[in-house]
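here you go, sequence then predicted model.
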Amino acid sequence: MTRPGHVWLDGSSRGALVGAGLTALLLIVLSAVLVLPGDRGLSGTAVVLLVSITLVTSLQVFIGNSGILSFGHVAFMGVGAYVTAVLTIPLAIRQTQLPDLPPVLAGTELGGLSAVLVAGTVCAVLGLVVGATLVRMPVNAVVMATLALLIVVFTVLLNWQSLTRGGQGVFGIPRLTTPPVALAAAILFVVIARLFKSSGVGLRLRASREDELAARAAGIDVPRVRLVAFTLSAGMMGAAGSLWALNVLAFDPDQFSFAMTFALLAMLVVGGKESVLGGVVGAVVVVVVTELLSRVEQGVTIGSFELPRITGTVQFALAAMIIASLIWRPDGLVGRREAEDMVPWLRRRLARKGRAVAPATPVGAPAAAAVREPAIVREPAAGRVPATAEPLLTATGVAKAFGGIRALAGVDVEIRAGEILGIIGPNGSGKSTLLNILSGITAPDAGLVTLRGQDITAGPSHRTARLGLTRTFQNIRLFDHLTVRENVASAYGARSAEVDRSLGVFGLEGLAESEADTLSYGQQRRLEILRALAMRPSIVLLDEPAAGMNEVESDVLMERIRAIARDDGCAVIIVDHDLRLITRLCDRIQVLETGRTLALGTPAAVVADPAVVAAYLGTGHGSGPTTSTVTAAGE
Amino acid sequence: MSIDEFAQQLINALSLGSIYAVLALGLAMVYSTLGILNFAYGELITVVGYTMFFASEAGLPFIVMATLGIVVAGAASVAMQAVIFRPLRGASFVTLLFASFALSQVLQGLFRQAISPRSKGIPTPGLFSDFIQIGGVRVGVLALITLAVALTAMTVLLVFMRRSRAGLQMRAAAQDLTTARILGVRTDRVIPLAFLVSGLMAGVGGVLWIARTTSVNPGTGFTPILVAFVAIVLGGLGSIPGAVIGAFAFGALEIMLQAYLPGSVVPFQFAIALVAVAVVLVVRPQGLLGHEVEVKV
């Protein structure tokens, strides 16, 4: 098979740059319209708008991709602005304003670019420190913690007199954010945001936004990708705050509190928080409305070299816009679309290019061959591992109680490479809990789980996945608003070159660019299995993969599962209620009842076990013709 | 510091903590029942303040002012539910948080435009500023009244939740709203009820808060809501006892910092308290009483 040639940009980054280019074009046109007439008020508005775009884009990098609301980012803007003030105010003015500055700061005067870079760096470091704490907390708690961050920083800015002059504010900052500088900065911020969004970290972060649990099970270290985004976003926010300071020239701590937070969040919500273009559009809408209203309110054209203070009317208008858009357009004006999605022919072109990278699946190949083809190429074709090999996965004495309910009361599991183990049992017998423990999602109260001799008892689930144990979920957990390709590519260790080919093997070619939630039920099941296999696991857990499938579909599925075990030497643990599938597919079956193993053995032995029959069909059936009774139940 | 001084600070800490606890309970009620974090909860405290202000202008006695404040807060909370949360039923946590954040900004704007951006003083009975001497300990009357009222309110809430049918339905809804609905709990009644109870707690907490600060301005609700947020995160999001413990812990932290910090650092007191909470959360990200729930997969 021919490998695709060296490509320095994969399809998604190319799309990102094209989209950023289109957005840049929009910004250039907008700026030209506002600046070229030579009206000072209008060109002031242009700078306000462009600086707002840098601010909202920085915020979007975190909120949009992680799905976590932050009230605290304005704190970084404030720090960036004050760092800039302290470094750029001419020394003579600085001495009278801030006589108690430490000598290093009192004697340094930086140019605009250096100040922006220093502000960005300081805030990135601060973001890293703060973020390291935040990302360990439950998501909903993070929101409140960011609010606390805002207050802490505000309090410090207000009270650290020697550095900030407190409530009196600082003045005399040179005007260095000219229209061309602001335009260049806005374009650069948009490019960074788009490249981040399409990068590996950005993709994994978006996956965690869609479904954190599934993201962890796909090997994604969720706190880490969140931390990366938080740090980047904080650094950008600091640099943007610096640009803002170099435009407003004088400010006090009050500017970095709720009014600003509110205006920036309004931009994101109104435009569309999951899209970089959305932030830009939201900034345009909010700045235009704010400018118009504040002119109406004041009756005169103000200099407007300052991001307009949110006066009463403006505040009402922003609130009305937020609430209206939440009710009628919850995804914002542009939704999840980016600039390139707005131009249909460009979208088609990009999609075609994306496909061309991967060789198409041979057309007309016999279905069986396609099924038999290893789902994902594994470097050393492992082949069938002899059944006498060491167990791959061993769980001993696994127990778990939730409150007073004992879900598992000491269960052992053992499976070898290439083996297919079925786990069956009535509802509440502990099947799901067992899978959750094996996959590191739930920590057991007692017991030990080892994978190739490594202790994986405590998870966490992304580590378990990376060590080679992956899974699917009973209630299909896909990343709904990511494309099919992204769903697979976001899995840890997935290789983009192989993703498209594997889509073909699973009958999902041609759907690569569709969002996962638009797929049919059967396609969603297949996609989820594919995502689990994309990590090239040595063992995969399938939780009711055949649920809701008809007989034909489940036959195809059975073939696929056999192929996974036979050709890849991958061990498979499968939980299902479909006894026909389980008995025909599995090498061994383990029956659970009320948290204990009731029976374990070959399908024939298990279905013949009177205890199993009793548990499954009720004791009323007694010791009748057990084998046929049980299989009949499945058929 | 002597034992007496410490006892005095301890009573102050308990008193402040009990206000925080009442406030946090009101917020936590709606969060644990409906999964909604009502950012505009702070504005309920502002509403209490303005109600008491206008009642005092009308010459009403303090006890009537306080009662009106509580009733109006309860009504305002139910109204918030009808105006903002009902149209957005089924929306995500973040969406509802955004919406309530917008609502809080609207209300603050309204207070500023319709009443005044400046603080309004609220007269409190002279008794509140008295002290009584118990042994070597000088205890503020207000601190004792606060503690008594707050503990009573919490007890009433506890009894209501444990003993009444409506309370049982709310606890069922908190466990699992969908299942509760299937089992015949009328969610169209439980939801406004949860907001009513939340509003009444905001009312009681608000009255105690106003009695302490003796003034109201458009931003009055901010500190209480922030503290309530911190308390429920510190206690463990979703845990009602956690919210109470978190509130008392934060109150104690604040009072002790006030008592022991050197003068030059006092302006940073609140910030330091928040950072201290952050340090606790580094060690226990799920909060003090945050507990494990079965993962639904």
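Ah, there it is.

contacts, neighbours, all on C-alpha from now
Fine.

and the residue in the stretch 151-300 of chain A that chain B sits nearest to, how far from A:Leu482?
Nearest to chain B in the stretch 151-300 of chain A, going by Cα to the nearest Cα, is A:Val152, at a distance of 4.6 Å. A:Val152 is 36 Å from A:Leu482, where distance means Cα to Cα, to the nearest Å.

what parts of chain A come near chain B?
Residues of chain A lying close to chain B by Cα under 8 Å from any Cα of the partner chain are A:68-69, A:133, A:136-138, A:140-141, A:144-145, A:147-148, A:151-153, A:155-156, A:159, A:262, A:312, A:315-316, A:319-320, A:322-323, A:326-327, A:330, A:402, A:432, A:441-442, A:473-475.

not counting sequence-adjacent ones, nearest residue to the residue of the stretch 201-350 of chain A found nearest chain B?
Closest to chain B within the stretch 201-350 of chain A is A:Ala319: 4.9 Å, counting by Cα to the nearest Cα. Take A:Ala319 and drop its neighbours on the chain: the residue closest to it by Cα to Cα, 6 or more residues apart in numbering or on different chains is B:Ala102, 4.9 Å away.

who's in contact with the one helix or strand that neighbour maps to?
For B:Ala102, the host element (DSSP states H and E) is helix B:93-110. Helix B:93-110 has contacts (Cα atoms under 8 Å, 6 or more residues apart in numbering or on different chains) with A:68-69, A:262, A:312, A:315-316, A:319-320, A:322-323, A:326, A:330, B:35-43, B:84-85, B:88, B:218-219.

pLDDT of it, averaged?
Averaged over helix B:93-110, pLDDT sits at 88.

per-residue pLDDT of the residue of the stretch 201-350 of chain A closest to chain B, please?
According to the prediction, A:Ala319 has pLDDT 86.

for it, which residues are in contact?
A:266, B:102-103, B:105-106.

want to try CSV for those, with neighbour count and distance to B:Tyr260 as columns?
Formatted as CSV, the contacts of A:Ala319 follow (neighbours: other Cα atoms under 10 Å in any protein chain shown; distance: Cα to Cα, whole Å):
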residue, neighbour count, distance to B:Tyr260
A:Ala266, 28, 42
B:Ala102, 26, 38
B:Leu103, 25, 38
B:Gln105, 25, 36
B:Val106, 22, 39
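
list just the nearest of those to A:Gln168.
Distance to A:Gln168, by Cα to Cα, is smallest for B:Gln105 among the contacts of A:Ala319, at 25.1 Å.

pLDDT at residue 49, what is it?
Reading this off chain A. Value for A:Leu49, per-residue pLDDT: 94.

try again with chain B
B:Gly49 carries a pLDDT score of 95 in this model.

tell me the secondary structure for it?
helix (DSSP: H, G, I helix; E, B strand; the rest coil).

next one: the residue of the stretch 1-150 of chain B found nearest chain A from A:Asp576, what distance?
Of all residues in the stretch 1-150 of chain B, B:Ala102 sits closest to chain A, at 4.9 Å by Cα to the nearest Cα. For B:Ala102, the distance to A:Asp576 equals 47 Å [Cα to Cα].

check A:Asp211 too.
23 Å.

more neighbours: the two, which one.
A:Asp576 (21 against 15; other Cα atoms under 10 Å in any protein chain shown).

wait, the more buried one sits on A:Leu421?
No. Between A:Asp576 and A:Leu421 there is no contact under Cα atoms under 8 Å: 11.1 Å.

what parts of the stretch 151-297 of chain B come near chain A?
Near chain A, the residues belonging to the stretch 151-297 of chain B are B:226, B:229-230, B:233, B:237, B:267-268, B:270-272, B:274-275, B:278, B:281-282, B:285-286, B:293-295, B:297 when assessed by Cα under 8 Å from any Cα.

ChimeraX command to pick out the buried ones of those residues?
To isolate the buried ones among these in ChimeraX, judged by 16 or more other Cα atoms under 10 Å in any protein chain shown, type:
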select /B:226,229,230,233,237,267,268,270,271,272,274,278,281,282,285,286,297
